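In: Based on what follows, work out the 3D shape:
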Amino acid sequence: TAQVQMSWFSPCQFEIKVVDPKINGQEDQITKELLTARPMIVTYFNGAIMNVCADPMDHPTGLNLKKGIVSALQVTLPSLLSNEKPVTVVETDILGKCPTQYSVRTTEKSIYVTKSKDHKQCSQVPTNGYESPVVNWITKLPLPLAESKSICHQEWEKSTRVLKTSTCEDMNALKVAMGTRKYIQAYQRSNLTLIKVEPKSATPTFEEGHLTNLTFSVISQPKTDQVIPRLEKLMKELCEETSVRVGPKTSVLWSKIMGLLSRVPEDKIQVFLDNIRSGKYCAKSQILEDLYLDAITFVQNGGAVKLMVEEVLNNRARIDRIAFYTLSMQLTKKPCIHTVKHAKQLLDSKKAPESMKLAVGTLVSKYCKNNPRCMEEDEVKDVLNKLSSQIQESCQSSFTNSEKRIESLTTLKVIGNLAVVNNQLKNSILSCIKSNQADLMVRVAAAQCFRQVKCQQQPTVDLLSLVLKPEVDTEVRIASYVAAIPCASFEATSRLVDTISKEPNTQVRSFILSNLRNIQTTDA
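Out: Numbers count the residues shown, from 1 in each chain. Reported below is the predicted structural model:
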């Protein structure tokens, strides 16, 4: 619970500030500092929020809370007249740009507005498209989102057009694991009630701010040693609670620990595990160790990735835990360069599971998506060069050993997940595709590496030249065509059609011409 103060500067601009926040009826100093330190200025027109001006020193958690409050107050309808049928408008709020269905009902004294939206239909979503930022902020869990909907009920005073109450409920269905039919349903309910209105002039409390919109601010939390004493205390409480068996307070303590672990410096993640194993928190700490090794799966911290990698490479991770570690790496929203540095160790090890190696490619891809100049950084260069060397070795000869073939295919899948290549890696892949000595399955997989690469980085001309060579294996020609055609120019496609129409290889000719016809007639 908390109080929200709204101070108006003009009919279209106000400042919002959170005051006296409490969790479970109790004050929490860290939470109070995060939520109350800075205000936010809001500009709106006819009920729709135009933009917000954030204090540059505001913490993302506090900023997102204020954005969520303003989202609940927003009404983008042109008027508050009753409507017989629901009206759908596009509304931008904390969850993105969403089609929003409005219905309005009036009585003698009040106007009742109901708005609902399906978050899966939203665009400009600030996360990876499979998570709800609201649920992710509450649960700290990087779980895939299966369903997400919200509905808000507002009551306005008819005579003054003053909002009296706004009650919103979010429903989110989260997949427990990939490929299963098991779900967790999470509900979040918020209620805003007008307490009083005071006639009072106001001026902004900060002079310079950062202009932004209402969408969720995905910013990694700053790391600080200040949370370590509190974590130490929680560890002792949890160790005592679980010394014999899991107790009634375990889940509450575990949740608090997960939230704080995201904010500790990276090197402290390993220190806490060492302290647990040495018995610092209590004598019987096996259950605490298991809980901790599970908890780091849900911690957005480069130190957690380092610990997961070390547990796997040292053969200390159970099979079920490896699955969670893989899922955690795959679903990391905004990996930092330190995460890439720790994860790349998996590429050098034959002990590393295939699934975790593939996750390395996904991590680097996400890092480069958020950092367009990523290939100038040494850690990313090192990953690309490692994979280039492994490809050169894989394509020297055919394999009689199935394990070697699987290793080579895994490397190529990692490159496919990367979705970025430098010149060295690009040339290594092309050499592999062209090599008559290499295993056919490996050559086909090499061609498929380019399917997610941006057209600026893709060797489209080289791939199309392979398509037109009759001496190249059929499977390799088709795979090269599939990778190249999305980036081919009109002129290159025209030349391809002219040549392939006379192609003696029926399989290649039929596949390409039918695929081009499908592309020509599709609306996509």
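
In: I'd like the next helix or strand past the helix-or-strand element of the chain with minimal mean pLDDT.
Out: Here the helix or strand of the chain ranked lowest by mean pLDDT, DSSP states H and E is helix 133-139, holding a mean of 42. Once the chain leaves helix 133-139, the next helix or strand it forms, by DSSP states H and E, is strand 145-157.

In: List the strands paired with that following strand, with their directions.
Out: With DSSP bridges as the test, strand 145-157 is paired with strand 110-118 (antiparallel), strand 162-175 (antiparallel).

In: which one of those strands has the lowest average pLDDT?
Out: Sorting the strands paired with strand 145-157 by mean pLDDT places strand 162-175 lowest, at a mean of 88.

In: Need the contact partners of it.
Out: For strand 162-175, the external contacting residues (C-beta atoms under 8 Å, 6 or more residues apart in numbering) are 72-73, 110, 132, 134-135, 141, 143-157, 182-194, 197. Any C-beta I mention is one placed from the backbone N, CA and C, and that applies to glycine too.

In: Kindly recompute the last result at 6 Å.
Out: Strand 162-175 has contacts (C-beta atoms under 6 Å, 6 or more residues apart in numbering) with 72, 132, 134-135, 143-144, 146-157, 183-194.

In: Render the CA-only coordinates of it in CSV, please.
Out: The C-alpha trace of strand 162-175 is given here as CSV (Å, rounded to 0.1, in the frame of the first residue of the first chain):
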residue,chain,number,x,y,z
VAL,A,162,-13.1,13.8,-11.4
LEU,A,163,-11.9,10.2,-11.2
LYS,A,164,-13.0,8.6,-7.9
THR,A,165,-11.7,5.0,-8.1
SER,A,166,-9.7,2.8,-10.5
THR,A,167,-9.5,-0.9,-10.0
CYS,A,168,-7.3,-3.1,-12.3
GLU,A,169,-6.7,-6.8,-12.4
ASP,A,170,-4.0,-8.5,-14.5
MET,A,171,-4.2,-12.3,-15.2
ASN,A,172,-1.1,-14.0,-16.4
ALA,A,173,-0.6,-17.7,-17.3
LEU,A,174,3.0,-18.8,-17.2
LYS,A,175,4.4,-22.0,-18.6
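
In: buried residues in it?
Out: 163, 166, 168, 170-175 (16 or more other C-beta atoms under 10 Å).

In: Just send these back as a markdown table, with distance to Asn213 too.
Out: A markdown table is the format used below for the buried residues of strand 162-175 (distance: C-beta to C-beta, whole Å):
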| residue | distance to Asn213 |
| --- | --- |
| Leu163 | 21 |
| Ser166 | 20 |
| Cys168 | 19 |
| Asp170 | 20 |
| Met171 | 25 |
| Asn172 | 22 |
| Ala173 | 27 |
| Leu174 | 26 |
| Lys175 | 29 |
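
In: List just the nearest of these to Asp20.
Out: Asp20 has its nearest neighbour among the buried residues of strand 162-175 in Ser166, at 19.4 Å by C-beta to C-beta.

In: circling back: wait, which of the strands paired with strand 145-157 is closest to Lys97?
Out: strand 110-118 (10.4 Å).

In: With just CA atoms, put that closest one into CSV.
Out: The C-alpha coordinates for strand 110-118 follow below in CSV (Å, rounded to 0.1, in the frame of the first residue of the first chain):
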residue,chain,number,x,y,z
SER,A,110,-21.4,8.6,-11.9
ILE,A,111,-19.8,7.5,-15.1
TYR,A,112,-18.4,3.9,-15.2
VAL,A,113,-15.6,3.1,-17.6
THR,A,114,-14.3,-0.4,-18.3
LYS,A,115,-11.3,-1.1,-20.4
SER,A,116,-9.7,-4.4,-21.2
LYS,A,117,-6.8,-5.6,-23.3
ASP,A,118,-5.0,-8.8,-24.4
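
In: buried set for it?
Out: 111-113, 115-117.

In: Tell me how far Glu84 lies from Asn64.
Out: Separation of Glu84 from Asn64 (C-beta to C-beta, to the nearest Å): 37 Å.

In: Kindly report the same for Ile322.
Out: In terms of C-beta to C-beta, Ile322 sits 33 Å off from Asn64.

In: Same question for stretch 368-384: list its buried residues.
Out: 368, 371, 374-375, 377, 379-380, 383-384.

In: now do stretch 245-260
Out: So for stretch 245-260, counting by 16+ other C-beta under 10 Å, buried means 250, 253-260.

In: Out of those residues, the closest to Leu418 would be?
Out: Met258 (29.5 Å).

In: got a list of contacts for the strand or helix carrying the closest one?
Out: In the assignment (DSSP H and E), Met258 maps to helix 250-261. Applying C-beta under 6 Å, 6+ apart, the external contacts of helix 250-261 come out as 140, 227, 231, 234, 237-238, 241-242, 291, 295, 298-299.

In: Of Glu84 and Asn64, which one has the most company?
Out: Using other C-beta atoms under 10 Å as the criterion, Glu84 and Asn64 rank with Asn64 on top: 23 against 7.

In: So that one belongs to a helix, correct?
Out: Yes: in this structure, Asn64 lies within a helix as judged by DSSP: H, G, I helix; E, B strand; the rest coil.

In: Identify the residues contacting it.
Out: Going by C-beta under 6 Å, 6+ apart, the list of residues near Asn64 reads 216-217.

In: So it versus Leu34, what's the distance?
Out: Distance of Asn64 to Leu34, computed by C-beta to C-beta: 10 Å.

In: Same question for Pro335.
Out: 23 Å.

In: The two - which one has more neighbours?
Out: Ranked by neighbour count (other C-beta under 10 Å), Pro335 and Leu34 place Pro335 first, with 25 against 20.

In: any idea which helix or strand carries that one?
Out: Using DSSP H and E, Pro335 falls outside every helix and strand.

In: just use 37 as the starting number from now, easier for me
Out: Understood, numbering begins at 37; the last thing we discussed is Pro371.

In: Next one: it from Lys342, what distance?
Out: 12 Å.

In: With Ile85 instead?
Out: Using C-beta to C-beta, Ile85 is found at 41 Å from Lys342.

In: pLDDT score for the nearest residue to Pro75 once chain neighbours are set aside?
Out: Using C-beta to C-beta, 6 or more residues apart in numbering and skipping the chain neighbours, the partner closest in space to Pro75 is Lys53 (4.1 Å). Looking at Lys53, its pLDDT stands at 90.

In: Mind giving me the packing neighbours of the host helix or strand of Lys53?
Out: Using DSSP H and E, Lys53 sits within strand 49-55. With contacts taken as 3 or more C-beta pairs under 6 Å, 6 or more residues apart in numbering; DSSP states H and E, strand 49-55 sits against strand 39-46, strand 76-81.

In: Nearest to Asp91, out of the ones you listed?
Out: strand 76-81 (7.0 Å).

In: what's the following helix or strand after that closest one?
Out: Counting by DSSP H and E, the element after strand 76-81 in chain order, helix or strand, is strand 84-90.
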